[in-house]
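1. Next come a sequence and a model predicted from it.
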Amino acid sequence: MVIRNNKMLILGTIPPPIGGVSIHTDRLISYLKKKRIPFKFLDIRRNNLKDILVAGFKSEYIHLHTSNSYFRLLVIIFFSFIGKRVIFTFHGNLGRYKGFRNFLDVLSIKAAFLPILINDSSYKSALRYNSQSKQIPAFIPPQVEEQLPKTVTLRINELKETYGFVFATNAFGFVYDRYGRETYQITTLIELFSELKMALVVADPSGSYKSHYIKNQVYLPSNILLISERYSFYEVLKLSDCLLRITTTDGDSLSVKEALHLNRLVVASNVVNRPEGTFLVGLSKQEIREGILIAPSNPRPRTAVVNGAEIVAEVYQKLINSRS
């Protein structure tokens, strides 16, 4: 996919596959189009290197969206060397990796024209390396309405009728953090809900949890629904009562902001700063269990959620006007 315009080049990915970065980028470019902010977009997975280089040479600013530390630093160094001003959004929590990769992330922040951090702790760390660092929330509400298949909607509604309260959680693959812990803690949640008379919907568009459970003959009880297709988690949240964001590391979770935007309850691990209105729990199985049991009695949050695309659009407009 190529969206054409002049001074601002956005490099990133859009679905498929579905992921936190690709969803963010897709919503950002949709918002910018609506606001008539001039830019050009190239998908770093679908466009070849020649297209990226040519577009980069013709642009004044390059805004990069990627979680790949090596590719990010390479892009920043190359385009900065030829006189381009590189912006990048750091999708994640600064310092989440082990030594060398963290070192690369710090170098990227030092070398970039404008590093954008999505949570408070990362922003404060980045300021030590680059005073131009800016904090902009990752949340952007969906720009188009999506639909779940009727079979999925029916199944979630059946869970709600049977159990009265539906929890939802999501994952972008069966992955581990730098300490060898399961990042999305889905296994722990399934163990807990297997013992509880409460409903859980697990959305994993990568399909890796489904493959893992089939391979290891893991049985999912009737109160747990595993969605392995690429459906909108925002639509799943609309049908749910509470988001469980029990991760061992995080950035500025899109799912948390989506849930709060919909006035859904949120129970999240206290591994990073979380927005107001979030009920925090530790990572021990007992603490997670207590958070799940308490959730139905908690009041619904009424938290105003900032649309990050509005701030990005303002930044773009100022940069474009300043170089006119």
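-> That came in fine, so what should we check first? Numbers count the residues shown, from 1 in each chain.
2. helix or strand right after the helix or strand of the chain with the lowest mean pLDDT?
-> Across the helices and strands of the chain, mean confidence by mean pLDDT, DSSP states H and E is lowest for strand 2-3: a mean of 42. Next helix or strand after strand 2-3 toward the C-terminus (DSSP states H and E): strand 8-12.
3. Quick one: list the elements packing against that next one.
-> Identification of packing neighbours for strand 8-12 by 3 or more Cβ pairs under 8 Å, 6 or more residues apart in numbering; DSSP states H and E yields helix 20-34, strand 40-43, helix 49-58, strand 61-65, helix 308-322. C-betas here are computed from N, CA, C, even on glycine.
4. ok, and what's touching it?
-> Outside strand 8-12, the residues that touch it by Cβ atoms under 8 Å, 6 or more residues apart in numbering are 21-22, 25, 28-29, 37-44, 52, 55-56, 58-66, 75, 316, 319-320.
5. Check stretch 313-324 too.
-> 7-8, 31-32, 35, 37-39, 60-61, 85, 87, 114, 134, 136.
6. Can I get stretch 32-51 as PDB, trimmed to CA atoms?
-> C-alpha atoms of stretch 32-51 as PDB (Å, rounded to 0.1, in the frame of the first residue of the first chain):
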ATOM      1  CA  LEU A  32      -4.100  11.900   8.800                       C
ATOM      2  CA  LYS A  33      -6.000  11.300   5.600                       C
ATOM      3  CA  LYS A  34      -9.200  12.500   7.200                       C
ATOM      4  CA  LYS A  35      -7.500  15.700   8.400                       C
ATOM      5  CA  ARG A  36      -5.800  16.200   5.100                       C
ATOM      6  CA  ILE A  37      -2.300  16.200   6.600                       C
ATOM      7  CA  PRO A  38       0.200  15.700   3.700                       C
ATOM      8  CA  PHE A  39       2.300  12.600   3.900                       C
ATOM      9  CA  LYS A  40       3.400   9.500   2.000                       C
ATOM     10  CA  PHE A  41       3.300   6.000   3.400                       C
ATOM     11  CA  LEU A  42       5.300   2.900   2.500                       C
ATOM     12  CA  ASP A  43       4.900  -0.500   4.100                       C
ATOM     13  CA  ILE A  44       8.300  -1.800   5.000                       C
ATOM     14  CA  ARG A  45       7.100  -5.400   4.500                       C
ATOM     15  CA  ARG A  46       5.500  -4.900   1.100                       C
ATOM     16  CA  ASN A  47       7.500  -2.200  -0.600                       C
ATOM     17  CA  ASN A  48      11.000  -3.000  -1.800                       C
ATOM     18  CA  LEU A  49      14.200  -1.300  -0.700                       C
ATOM     19  CA  LYS A  50      14.500   0.800  -3.800                       C
ATOM     20  CA  ASP A  51      11.000   2.300  -3.300                       C
END
